[in-house]
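>>> Provide a 3D model corresponding to the input given below.
(chains A, B, C, D, E and F)
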Number of protein chains: 4
Amino acid sequence: MLTNDSEKKKIIIDAALKLFSKKGYTRARMMDIAKEAGMSYGLLYHYYKSKDAIFETIVEDWWSKLFSELASLKGSKLPIKNNLEKFIRFLLNAYATNPQQVEIYVTEVSRGFVYHSEHRVRENFLWVFALCEQLFAVYQDRGELRHDISTHHLANIFLGSIDSFMSNIVFGKVKITEDQGNRIVKSILDVFLHGATG
Amino acid sequence: MLTNDSEKKKIIIDAALKLFSKKGYTRARMMDIAKEAGMSYGLLYHYYKSKDAIFETIVEDWWSKLFSELASLKGSKLPIKNNLEKFIRFLLNAYATNPQQVEIYVTEVSRGFVYHSEHRVRENFLWVFALCEQLFAVYQDRGELRHDISTHHLANIFLGSIDSFMSNIVFGKVKITEDQGNRIVKSILDVFLHGATG
Amino acid sequence: MLTNDSEKKKIIIDAALKLFSKKGYTRARMMDIAKEAGMSYGLLYHYYKSKDAIFETIVEDWWSKLFSELASLKGSKLPIKNNLEKFIRFLLNAYATNPQQVEIYVTEVSRGFVYHSEHRVRENFLWVFALCEQLFAVYQDRGELRHDISTHHLANIFLGSIDSFMSNIVFGKVKITEDQGNRIVKSILDVFLHGATG
Amino acid sequence: MLTNDSEKKKIIIDAALKLFSKKGYTRARMMDIAKEAGMSYGLLYHYYKSKDAIFETIVEDWWSKLFSELASLKGSKLPIKNNLEKFIRFLLNAYATNPQQVEIYVTEVSRGFVYHSEHRVRENFLWVFALCEQLFAVYQDRGELRHDISTHHLANIFLGSIDSFMSNIVFGKVKITEDQGNRIVKSILDVFLHGATG
DNA sequence: AATGAATGAGACTTCATTCAT
DNA sequence: TATGAATGAAGTCTCATTCAT
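Prediction:
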């Protein structure tokens, strides 16, 4: 058969992705999602327990990608510049290939978790920060990062910079070209590593 | 009389501030706000046209503060370091004195404006960025900032760094001491101006 | 004003009484109850938390009447015949004055508590039996009831007899005249106390 | 083959019996019944037209057993005591051998037929009463039952007594020993025939 | 200025039943 | 015979807003 169980689930997730990113969690109705997915709303409940379960699936997927990427970076022995570049590119690429998931991450999760307090978002965030800090600690030890600023502060600055670009892209609803992507990567790395003063 | 018209409005705004920051816009009910304000929910409609009008009032207030601060910085002739420090301190101080408003800004406005598309949030954001870019352009002209990175990118990195600290503070629900505040300011300035490598 | 808060609640209860007894709990919709009560369904939720809360109010009212009657009988020093007669008359009269409540008791509570397991129906039933047994124990001590049958069995037989008449009346949807009521009372007392054989 | 058509039907009925008695008609879902029966819920519709048809089958089976027992008693020439004892034992035994069917009878049919008005439950009940009254009329003619109480009243008292014990057993979810059964039979007969006073 | 009773659109979810395979 | 994906009617409940008093 053409569409087996997991394919149907993917169709639903894709539809939900579209609707959540377009209208936000609250304003996206199950009926909208079903219509987008080309099925009756009743069928959604055949595959997912509730609206929230659909949301959770999307979010968990994002976190797991993020965690695994960070874990892979931590294991790498590359110089800091190359490693951080990989991470920035991973995020920019995530947006390029799946803009809606990033949009939901940005609008519903990154800031909106008042709405979804049950989703352990806070814990996941802290985890991302912790992984990033551990990465920076390694580079401090190797003398590639200054010691007079805590890894926590460094993580805030680095992640915040990326986040800002992502938000801008998401809210600007723009597609970024490869060239623009390259310049963003370069800007972040240059400023983060060497500063904005010449 | 003790509470005239504008005082009542302030009471309502304060109550809404508390509830929006505690539960988020959607989950804060008019009844909750009224109870917090010590009045009946019917009366809210005497002072504000709708729930949304209350929200808008809060948000507009935030924007106008932000705009006027940025305008004042643009007019200043101080060296970049001092000027940026003023801006960072303005934001940290805003949280210290009115944490709920900052919380709403962070959770509902900064990222969550999918829910409030009618509020010209996008325009306001772009305006903040534009003002920041104009400020940076001045410093590029004065040779205090490098020219090989666009002011737009610089603004993203700078504002994103601050944003990240603010989010952390908001979501961590922590009070920051003066000393911690000083260190945050120093970290942002150091890295932004001189980079994270020694 | 003509209809204050508790009067409105009574209107709702009366409407619910009518609908529950007519259609049963499950088939009676909130909208039906509201229509019967002459108000919008939203208003029902102003006065009661949920459909179940309305049901519970009805049922609790019935139990409290029943308990207080049984307690009063237990305190009485009348000969058994008079005392039991009072109890039978209380129940028959309850049906005469509030047939719907009795109907709900019979259809939803007495037998249907599979549907309402959360309502402590079992406990209430056991309590009624216990009170009845205590009453019979007093009469066994006073020599007015035989000792070779346990009070538990006696209670089953006595209450079951009444219950059967009530069910018949409820399901027959008949009004019983005073004369018919008297004959029922006499029959139950005669057979219970002296037996069906001459 | 091992399971032919009628065996499959029996498996379904047994599963439904279990579920209806456990959760009640409304709360027992077709899917639950299918799972219990070890088949897909779609297949249920191959053997029975609807959920209600399954229920009806169960109920009709109960009624037919009851009617045939009562008919047999009516044909018997035994003294009243022996004949009534047979009837009581038939019912107690029915519970012992098929408690779920009795449970459904008690919870759904005996009182709950508001939910199933289409099932001619009222007519069946009246029929049982009528048969019982005819039986009592025979004994009144033979001088074994007093004449000053109508057969209808006698039937109510007798059937109600038994019903009460059955309900107690069902709701207490207890298994009764042979000895306890004997005592119940004796109590009912003693009180019904000779009264509760010495 | 003040109250809170009243309204009803709108959202989620359940589940008996149908039907293509 | 057998499966379970698919459908959609129906029901409960929430809450912003209106309005009579």
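
>>> do the helix-or-strand element of chain A with minimal mean pLDDT and DNA strand E meet at all?
Lowest mean confidence among the helices and strands of chain A (mean pLDDT, DSSP states H and E): helix A:99-104, at a mean of 80. No - Helix A:99-104 lies apart from DNA strand E when judged by C-beta under 7 Å from any atom of the strand; the minimum separation is 15.0 Å. (Glycine included, C-beta is placed from N, CA and C.)

>>> give me the residues contacting that helix.
Residues lying outside helix A:99-104 but in contact with it, judged by C-beta atoms under 8 Å, 6 or more residues apart in numbering or on different chains, are A:17-18, A:20-21, A:58-59, A:61-62, A:91, A:94-95, A:166, A:170.

>>> restricting to C-alpha, output the helix or strand following it in PDB.
Under the assignment DSSP states H and E, the closest C-terminal helix or strand after helix A:99-104 is helix A:121-141. Only the C-alpha atoms of helix A:121-141 are listed here, as PDB (Å, rounded to 0.1, in the frame of the first residue of the first chain):
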ATOM      1  CA  VAL A 121      10.700  22.800  27.900                       C
ATOM      2  CA  ARG A 122      12.600  24.500  30.700                       C
ATOM      3  CA  GLU A 123      14.500  21.300  31.300                       C
ATOM      4  CA  ASN A 124      15.300  20.900  27.700                       C
ATOM      5  CA  PHE A 125      16.500  24.400  27.400                       C
ATOM      6  CA  LEU A 126      18.700  24.100  30.400                       C
ATOM      7  CA  TRP A 127      20.100  20.900  28.900                       C
ATOM      8  CA  VAL A 128      21.000  22.700  25.700                       C
ATOM      9  CA  PHE A 129      22.700  25.400  27.700                       C
ATOM     10  CA  ALA A 130      24.500  22.800  29.700                       C
ATOM     11  CA  LEU A 131      25.800  21.000  26.700                       C
ATOM     12  CA  CYS A 132      26.900  24.200  25.100                       C
ATOM     13  CA  GLU A 133      28.700  25.200  28.300                       C
ATOM     14  CA  GLN A 134      30.500  21.800  28.500                       C
ATOM     15  CA  LEU A 135      31.700  22.400  24.900                       C
ATOM     16  CA  PHE A 136      33.000  25.800  25.800                       C
ATOM     17  CA  ALA A 137      34.700  24.500  28.900                       C
ATOM     18  CA  VAL A 138      36.700  22.100  26.700                       C
ATOM     19  CA  TYR A 139      37.900  25.100  24.600                       C
ATOM     20  CA  GLN A 140      38.800  27.100  27.600                       C
ATOM     21  CA  ASP A 141      41.000  24.200  28.800                       C
END
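
>>> quick check: buried residues in whatever helix or strand comes next after helix A:121-141?
Per DSSP H and E, the first helix or strand lying C-terminal to helix A:121-141 is helix A:151-172. By 16 or more other C-beta atoms under 10 Å in any protein chain shown, the buried positions in helix A:151-172 come out as A:151-171.

>>> so helix A:151-172, near chain B or not?
Yes - Helix A:151-172 lies within reach of chain B by C-beta under 8 Å from any C-beta of the partner chain, at A:153-154, A:156-165, A:167-168, A:171.

>>> how many other residues sit next to A:Leu135?
By other C-beta atoms under 10 Å in any protein chain shown, 24 other residues sit near A:Leu135.
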